[in-house]
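Participant: compute the structure for the input listed below.
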Amino acid sequence: MLYIYRKGYIVFLKSFLNLLPNIDPERPHFPPTTLYNEGWLLRLVVDWFSSSGITEHPLSFPKDGHWFSEARLPSAFLPRFKGDPLAESHTNADGVIGHFTIGSTGKTDLALMPDATHFVVLEAKLYSGLSKGVKHAKYYDQAARSVACIAEVLSRADRKPISFSQLGFYVLAPSDQIESKTFTSHLDKQSIKDKVKKRINPYDRELDEWFKEWFEPTLGVIDIQSISWESILDIVKEKDSKTSDSLQKYYLQCLTFNS
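Facilitator: From the prediction side, this is the model:
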């Protein structure tokens, strides 16, 4: 059985978990990826970290920190007017950890708390790459967009990057994807900077101040890396063997149904 540990007690996802062993790949009642997917894998992993007591890890939780999945992050490139040919929409983050609130505007819109010192954005993958771009800027890939959105989140809260004890963008993926360098070029800071610089060029210096005052300082301090699911499962195994067995089985099924 698979359990989620949260703040000293066990939350058993009965309806969800009762379906897992009954999926017959030959005669399924619904697509297996409805339950076996990177979104649920991320939620289970992050929620485990939230009460694990583990420190000094990219997924570690700060005091008074919490997590949320599918948060909407604002962009510096939202429409300035109806039909803005340069605009893009909010970015949906697979997961976020830190000091923030949800729903101050839209139901899943994220805003940092006034005294925030921890903000991490997570992207979960199972044999898929980062998205390649937006409608009006095909080169503007998911990594560049996410880091730019992090800078915009800080800008709207007026929280300087230097004020954060942890600021991160992490891609969680299978180890063989990472070892094959699927994400290496996308996560390179110079590559991200070049793409964001190219993105602001058509704005006729309108975003130059934002780039200098918020994006560049954010890029200077943010930790950007890929992390394998396998390395995370090793940590769970060392700390919590009961959860480890179930989570490992769930992960293997995720790989099977998403390969």
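
Participant: how about the helices in the stretch 51-200 of the chain?
Facilitator: 142-157, 175-179, 189-200 (DSSP state H, counting those that start in this stretch).

Participant: export the longest one to PDB, keeping only CA atoms.
Facilitator: If I follow you right, that is helix 142-157. Extracted in PDB, the C-alpha atoms of helix 142-157 (Å, rounded to 0.1, in the frame of the first residue of the first chain):
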ATOM      1  CA  GLN A 142      10.200  25.700 -20.800                       C
ATOM      2  CA  ALA A 143      13.300  26.200 -18.800                       C
ATOM      3  CA  ALA A 144      13.800  29.800 -19.900                       C
ATOM      4  CA  ARG A 145      10.100  30.500 -19.400                       C
ATOM      5  CA  SER A 146      10.100  29.000 -15.900                       C
ATOM      6  CA  VAL A 147      13.100  30.900 -14.700                       C
ATOM      7  CA  ALA A 148      11.700  34.200 -16.200                       C
ATOM      8  CA  CYS A 149       8.400  33.500 -14.400                       C
ATOM      9  CA  ILE A 150      10.300  33.000 -11.100                       C
ATOM     10  CA  ALA A 151      11.900  36.400 -11.600                       C
ATOM     11  CA  GLU A 152       8.500  37.900 -12.200                       C
ATOM     12  CA  VAL A 153       7.100  36.300  -9.100                       C
ATOM     13  CA  LEU A 154       9.900  37.900  -7.100                       C
ATOM     14  CA  SER A 155       9.300  41.200  -8.900                       C
ATOM     15  CA  ARG A 156       5.600  41.300  -8.000                       C
ATOM     16  CA  ALA A 157       6.400  40.600  -4.400                       C
END
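
Participant: going forward can the numbers begin at 35, since that is how I track them
Facilitator: Shifting the count to begin at 35 puts that one at helix 176-191.

Participant: mean confidence for that helix?
Facilitator: For helix 176-191, mean pLDDT rounds to 97.

Participant: quick one: that helix to helix 223-234, angle?
Facilitator: If you take axes from the mean of the first three to the mean of the last three C-alpha atoms, to 10 degrees, helix 176-191 sits at 70 degrees to helix 223-234.

Participant: quick one: contacts for residue 235?
Facilitator: For residue 235, the contact set (C-beta atoms under 8 Å, 6 or more residues apart in numbering) is empty. All C-beta atoms are positioned from the backbone trio N, CA, C, and that covers glycine.

Participant: just the one 5 residues further on next, same as before
Facilitator: For residue 240, the set of contacting residues under the criterion of C-beta under 8 Å, 6+ apart consists of residue 234.

Participant: and the helices of the stretch 85-234 of the chain: which comes nearest residue 268?
Facilitator: helix 209-213 (10.5 Å; C-beta to C-beta).

Participant: would you mark the buried spots in the closest one?
Facilitator: 211, 212 (16 or more other C-beta atoms under 10 Å).

Participant: repeat that for stretch 235-251.
Facilitator: Applying 16+ other C-beta under 10 Å to stretch 235-251 flags 241, 244, 245, 248, 249 as buried.

Participant: how far does it stretch from one end to the other?
Facilitator: 19 Å (C-alpha to C-alpha, to the nearest Å).

Participant: how far out from the middle of the chain is that stretch?
Facilitator: Distance of stretch 235-251 from its chain centroid, counting by C-alpha atoms, centre = their mean, to the nearest Å, is 24 Å.

Participant: again with stretch 261-269
Facilitator: From the chain centre to the centre of stretch 261-269 is a distance of 16 Å (C-alpha atoms, centre = their mean).

Participant: the residue lying closest to residue 290 once chain neighbours are set aside and residue 145, how far apart?
Facilitator: Spatial nearest neighbour of residue 290, excluding adjacent residues (C-beta to C-beta, 6 or more residues apart in numbering): residue 70 at 7.6 Å. Residue 70 sits 32 Å away from residue 145, going by C-beta to C-beta, to the nearest Å.
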